[in-house]
Every structure is written in C-alpha cells, then in structure tokens.
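A.B. asks: give the three-dimensional model of this entry:
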Amino acid sequence: MPGLGSEEWLLPTTGGVPLQIRMKYLDDARRIRDLDDFTSEHDSIVNRKDAIAAFVEQFQNIDERWHNSLDPTTVDIIKACVTIQCSILEDDGRTWCLLADSNTVIATALWTLAMARQITEVEGTVTTVSVRKFCENKSLEPDIEEWDGLVLEISRAETEAGQTKPKESKLPALVAEIHRITLKMFLQRRLQDLPVILCVLCLMRLILTCFHGACFYHPLVKNWDKSAYEEALGEENAISVSYFEILHVAWIESGFEHHCNTEPLASRLEAFVFADLFFLKEDSD
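C.D. replies: This is a model prediction of the structure:
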C-alpha cells in the first residue's frame, strides 16, 4: 500500500485473506501528513529541506494530535527534537537534503514514531470479529469500526498480499536507516553530534513503547504459560515455542525465579544479560 499519508493499509491475516483498511480521523487536525505527501510533485513546497521541516513541525502540537495521551515531559522531549531538527535544517546550506543522513536522522525517527503510532491505532481498532468475518465467511461487504475518533473501513483486498508492498515493510527499513546513521555517528565520536544522538535514542525508546505488545509472550517470567503463544503462532510455527523454552530454562537456572517478576521487559533483559552485575547490586542493597 502507499505511504502513511494515504491512510491505506494491507493487513495480512493467518487465514491467508489480506484485508484492505482505509482509515480516517473524525477530526482531521489529528492527522499527521506523511513525509511523502510533502515531497510529492503535487505539493506546494518545492525543495526537500522545506518539505522535511514542514513535516517535522507537525509534531509541535503532538499532545493535541494524540489526545494528550503522552506525559508532559515526553511531549517536551518531542518538541525539543523538533526544534533541534528544524535548527539543523535551517543551518544547512543545501536546498535538497538526503533523508537518511546525520542532518535529518531526527526527522527519520519522528517519521518512524508516527508510523509506529498509527500501526498501534490500527491494531487497537481492528477487532478479531472483523478479521474472522472476512477470513471465515469471505464477506465482500465492507465493515466499519470506530474508536477514539478513528474510523476504519475494512474490506477484502482487491489484490493478493504478495503483489503490493504493505506499509509495515517501510517501518523496519526506516529503523534500519536510523540504526545505521546513529551507529556511524557513535563511531565518529564527534562531540557536536551528541545532542542529535540523544534525540534519536529518546525517540527510538518511544517507538519501542508502541510495540510493547509484541513481547507479550516472552518467557522471562517465573511461571511461563506457553499455551497462549502456541495458539497465536499456529502449528506451522510451533518450533518457536521450543526456542522460547530454551530461554525460559536459562532464565530460571540463572537464578531469576524470585527476581524481576514485576519489572518491565527492558529491565529483565538488562538483568538477564548482565546477571553478575545484577546480583552484585542485589547483595549490596
């Protein structure tokens, strides 16, 4: 499907029936126009640098666009990222800016954050009932779902899933670019790059938050129930359960059975990877 700004999605399903989703906000002021919209040939902005700046400036009122769902400090961080990115663009003497470079990596991270947020909204609005309706009954009539001012029109896709590029495929490509650029900046060790690096790290942490549900089935717990993961995977991917079982055994045998059970996944991973330091800190406390 086209980019974020088109509000069209191609959603693959385990039943093999791709669904086409058209989304619309009841209040258009909540919509974040995609960067592709600003750089298209039909847009009034004629140079790439101004297009990127116009896209980024949409995040100045992100608290209103996202219905005040963010902590005020988080909003301030995003606004700071916007200010820094716009200042870098203003100081750049070029009229055409490559999106994937150190001068625009904050814009790339904001673009990724917007896409991650929209994926979360779509996943949170599409119900299991709608998916089953099209997979099992092969319904041809569109289904309308609404949640928190977001309206989705869901229908069977007119094309096969493999014949068009789903928007989700753009997300990992953007994340890969952010990682490549940020790693390069780390290795160059230029002090002037540190504010940009910090901005990107903050935004990437927010992007990760959008996908916290993807780690819902992780085995880093005392009593891991594999049944839910097995059901979600399906028989064709059952081998993944055994992989998780290996990690669960390592978690228990490492002595975490009575530790970290109330901690978020990020804290559990840190403890798991640096177990000696974790237990040394526990003993000192």
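
A.B. asks: quick one: the helices in the stretch 151-285 of the chain?
C.D. replies: 170-188, 194-210, 227-233, 239-251, 265-273, 275-284 (DSSP state H, counting those that start in this stretch).

A.B. asks: burial of the closest residue to residue 185 other than its chain neighbours, as a residue count?
C.D. replies: Once flanking residues are discounted, residue 185 sits nearest to residue 193: 4.6 Å by C-beta to C-beta, 6 or more residues apart in numbering. Yep, even glycine has a C-beta here, placed from its N, CA and C like the rest. Residue 193: 16 surrounding residues under other C-beta atoms under 10 Å.

A.B. asks: how about residue 220?
C.D. replies: 22.

A.B. asks: pLDDT wise, what is it at?
C.D. replies: Note for residue 220: predicted pLDDT of 83.

A.B. asks: SS state for residue 21?
C.D. replies: Look at residue 21: counting by DSSP: H, G, I helix; E, B strand; the rest coil, its state is strand.

A.B. asks: which SSE is residue 38 in?
C.D. replies: Per DSSP states H and E: residue 38 is located in helix 35-39.

A.B. asks: and that helix, how far out from the chain's middle?
C.D. replies: Helix 35-39 sits 19 Å away from the centroid of its parent chain (C-alpha atoms, centre = their mean, to the nearest Å).

A.B. asks: next SSE downstream of it?
C.D. replies: helix 48-57.

A.B. asks: so what does that following helix touch, helix or strand wise?
C.D. replies: Contact here means 3 or more C-beta pairs under 8 Å, 6 or more residues apart in numbering; DSSP states H and E; on that basis helix 48-57 packs against helix 35-39, helix 72-91, helix 105-125.

A.B. asks: now that helix: buried residues?
C.D. replies: Residues of helix 48-57 classed as buried: 48, 49, 50, 51, 52, 53, 54, 55, 56 (neighbour count, 16 or more other C-beta atoms under 10 Å).

A.B. asks: many thanks, have a good one.
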